[in-house]
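**Student:** give the three-dimensional model of this entry:
(one chain, ligands or ions: 3)
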Amino acid sequence: MFTDQPADSIYALGEVKLIHAIGEWLGDVSPPSPTGMGDDCALIDTSQVDRQLLTTDSVSYGRHFDDTVTARAAGEKLIKRNLSDIAAMGGYPGPALLNLLCAPNLRVDWLQEFILGIRQSCTRYQVPIVGGDIGTLPEGQFTASLSQTGYMRSQAILRSGAQAGDTLYVTGTLGGSIYHKHYSFEPRLAEGQWLAQSGQCTAMMDITDGIAKDLNALIPANCAAHIKLPALPLSPDAHRRASATGRSAIEHAFCDGEDYELLLCLRANCKTAEFEASWQQRFPETPLTRIGRLETLTGEARYIDADSKEALPWVKGFEHLTEQ
Ligand SMILES: Nc1ncnc2c1ncn2[C@@H]1O[C@H](COP(=O)(O)OP(=O)(O)OP(=O)(O)O)[C@@H](O)[C@H]1O
Ligand SMILES: Cc1ncc(C[n+]2csc(CCOP(=O)(O)O)c2C)c(N)n1
Ligand SMILES: [Mg+2]
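**Tutor:** Numbers count the residues shown, from 1 in each chain. Ligands and ions are numbered 1, 2, ... in the order given. Below you'll find the model as predicted:
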């Protein structure tokens, strides 16, 4: 990824040529100026959009990917983790801005592959890259950050809409993302959009830090989440990880993070059997699993084992700026 040979590095290219090369590598996901790269700002026609979504997320070398992940997969991950946030509102993707912070000894061919990964995901999910910025970091470092727009065609689903009695659901399977899902996941865009227009979904978010941490954001102040542990959809990699660490697969499902699945609540009076059947018809490849229910808070614990009624021990997912 980094090189001692100046001729192979982005330093040899210089900023002007590098920006030109990025435009070439992006190909048809880079619209012409002034809608795209080339002017002081990108000029976007928003006349068809009445509720805009804005989000931003980054990938840093050593933090969000390492040498076991290809440059292409790291580029795809940058787009997909932003789209996972768009999905979590029930939205549709719009244009994005790409900020690159690169060490001067970054290899040009590595960066080209990274941008080709971005192009691949942008083509797939219809995201135009309309501009960005390039900055430098000390040798051996790389961070790319995306500012992503989106828009709603229905009411946006917030984190704050849940109430006592709502049922808790999760898409896909959880745990063990470090083996490959942290970059190979698919953002649940179609699923989020479908949930948003269903009229049954009261709150939603995507799982990046693990439900141990993220679920907190969906539980209203007067509620606790009663979780049916045997119902948790554990991924095969959660079991694999458990064999490697000696901890339980359930703990990995709670704490690993980077599942990029949707965590959501359905209103208390939702006919869940019918709802689950229409989900299965629409998304036969994506499991939707009922994992519990929100109940009025009685004690202090906010995460409760629905069978034993004991407080759950796993309350901390992946957190930045703390010791892991
Ligand atoms: N540096 C910051 N400045 C302003 N707002 C921030 C900053 N960092 C986070 N936020 C805001 O705080 C809220 C919660 O952020 P959080 O990072 O938990 O959400 P997320 O983007 O879904 O998670 P993740 O980054 O793990 O994907 C979001 O609304 C986010 O925009
Ligand atoms: C090399 C490497 N080390 C660790 C991890 C795991 N990891 C990194 S960030 C994160 C939480 C979400 O991040 P954010 O809060 O920035 O959205 C997790 C679970 C990884 N994928 N690669
Ligand atoms: Mg999110």
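**Student:** what's across from residue 288 in the sheet?
**Tutor:** Residues in a beta bridge with residue 288, per DSSP bridges, are residue 171.
**Student:** hmm, residue 168 and it touching each other?
**Tutor:** No: the pair residue 288 / residue 168 is not scored as a contact, 11.4 Å apart, by Cβ atoms under 8 Å. Yep, even glycine has a C-beta here, placed from its N, CA and C like the rest.
**Student:** and the two? Which one has more around it.
**Tutor:** Under the criterion of other Cβ atoms under 10 Å, the comparison of residue 288 against residue 168 puts residue 168 first, with 25 against 21.
**Student:** wait, the more buried one sits on residue 291?
**Tutor:** Yes: assessed by Cβ under 8 Å, residue 168 is found in contact with residue 291 at 5.3 Å.
**Student:** I figured residue 9 was touching residue 105, is that so?
**Tutor:** Yes: if you go by Cβ under 8 Å, residue 9 and residue 105 touch, sitting 5.0 Å apart.
**Student:** point to the helix or strand of the chain where mean pLDDT is at its lowest.
**Tutor:** Every helix and strand in the chain was compared by mean pLDDT, DSSP states H and E; the lowest is helix 10-13, with a mean of 93.
**Student:** ranges for the strands of this protein?
**Tutor:** Under the criterion DSSP state E, the chain carries strands at the ranges 52-60, 92-102, 129-136, 142-151, 167-171, 201-206, 223-227, 262-266, 288-296, 303-305.
**Student:** ok, residues contacting the fifth one?
**Tutor:** The one in question is strand 167-171. Under the contact criterion Cβ atoms under 8 Å, 6 or more residues apart in numbering, strand 167-171 has outside partners 188, 191, 207, 211, 215, 218, 225, 227, 232-233, 261-266, 268, 270, 272, 286-294.
**Student:** ok, now the shortest one?
**Tutor:** Outside strand 303-305, the residues within contact range by Cβ under 8 Å, 6+ apart are 212, 215, 224-227, 229, 295, 310-312, 314-315.
**Student:** tell me the contacts of the closest residue to ligand 3 within the stretch 201-324 of the chain?
**Tutor:** Nearest to ligand 3, among the residues of the stretch 201-324 of the chain, is residue 206, at 4.3 Å (Cβ to the ion). Applying Cβ under 8 Å, 6+ apart to residue 206 gives the contacts 84, 85, 87, 88, 187, 188, 214, 260, 261, 262, 263.
**Student:** and it, bridged to which residues?
**Tutor:** With DSSP bridges as the rule, residue 206 is bridged to residue 262.
**Student:** count of neighbours near whichever residue of the chain sits closest to ligand 1?
**Tutor:** Taking Cβ to the nearest ligand atom as the measure, the chain has residue 208 as its residue closest to ligand 1, at 3.5 Å. Neighbours of residue 208 under the rule other Cβ under 10 Å: 21.
**Student:** repeat for residue 281
**Tutor:** Number of residues near residue 281 (other Cβ under 10 Å) recorded here: 8.
**Student:** tell me, what's touching residue 168 and residue 291 both at once?
**Tutor:** Jointly contacting residue 168 and residue 291 under the rule Cβ under 8 Å, 6+ apart are residue 227.
**Student:** enumerate the residues of this structure near ligand 1.
**Tutor:** Contacts of the chain with ligand 1, taken as Cβ under 6 Å from any ligand atom, map to 57, 85, 208, 209.
**Student:** so among those, which ones count as buried?
**Tutor:** In terms of neighbour count (16 or more other Cβ atoms under 10 Å), the buried residues within those are 57, 85, 208, 209.
**Student:** out of these, which are close to ligand 2?
**Tutor:** 208, 209.
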